[in-house]
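Asks: Quick one, structure for this:
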Amino acid sequence: MLIRTLNGHTPKFGKDCYLAETSVIVGDVVMGDQCSIWYNAVIRGDVHFIRMGNKVNVQDGAVVHCTYQKSPTTIGNNVSIGHNAIVHGCTIHDNVLVGMGAIVMDDCVVESNTIIAAGAVVTEGTRVAAGTIYAGVPARKLKDISQELISGEIERIANNYIKYSGWYK
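Replies: Model prediction:
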């Protein structure tokens, strides 16, 4: 892994985090407990800050970045960012699944208990209502989320990534 101090900011990690050997974490990044950053994922807090809560997993090839002096990135608790997703200069609340290859752009707010479908593009400034599934390009509300999807997908994936990271520690 590459952990790099930049412009006086050194990444900070909570307890029981896992950082894969090829992950990159740079600059003004603070993450909570039980987070995992997987192979070839990049968390780049070079142009603004990135804050991540507890139980956040950033899967293989995903990128978390910001916009210079304009849009930081804030990620809540129990969030899964799927393989090759891009989360850029936005706010993601608790209990969210960002699907594989999805893009969440600047100044978006993704409220709690939400799924951003694989391949979706959430365009700049979009507010994703709590308890919904957004899909498509550009992403639009597909439907309200069921309790089964909240527990069967959002919570299950976040908990599985804690288990998977334990295999590597």
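Asks: Same question for residue 164, what's its three-state structure.
Replies: With DSSP: H, G, I helix; E, B strand; the rest coil as the basis, the three-state label of residue 164 is helix.
Asks: That one and residue 14: what is the separation?
Replies: Applying Cβ to Cβ, to the nearest Å, the value for residue 164 to residue 14 is 18 Å. Placement of C-beta: from N, CA and C, glycine included.
Asks: Same question for residue 75.
Replies: 13 Å.
Asks: cool, and residue 39?
Replies: With Cβ to Cβ as the criterion, residue 39 and residue 14 are 21 Å apart.
Asks: neighbour count winner among those two?
Replies: The neighbour comparison of residue 39 against residue 14 (other Cβ atoms under 10 Å) goes to residue 14, with 16 against 13.
Asks: Report pLDDT for that one.
Replies: Confidence at residue 14, expressed as pLDDT, is 98.
Asks: For it, which non-adjacent residue is spatially closest?
Replies: residue 33 (3.8 Å; Cβ to Cβ, 6 or more residues apart in numbering).
Asks: Check residue 77 too.
Replies: residue 53 is the one closest to residue 77 (Cβ to Cβ, 6+ apart), at 3.7 Å.
Asks: which residues of this structure score low on pLDDT?
Replies: The model of the chain has no residue with pLDDT under 70.
Asks: Counting residues, name the longest strand you see in the protein.
Replies: Looking across the chain with DSSP state E, the single longest strand is strand 42-52.
Asks: Show me what secondary structure element comes after that strand.
Replies: For strand 42-52, the succeeding helix or strand toward the C-terminus, using DSSP states H and E, is strand 56-58.
Asks: Please name every helix or strand in contact with that next one.
Replies: strand 36-37, strand 79-81, helix 156-168 (3 or more Cβ pairs under 8 Å, 6 or more residues apart in numbering; DSSP states H and E).
Asks: buried set for the last one?
Replies: Neighbour-count burial for helix 156-168, with 16 or more other Cβ atoms under 10 Å as criterion, is recorded at 157, 158, 161, 162, 165.
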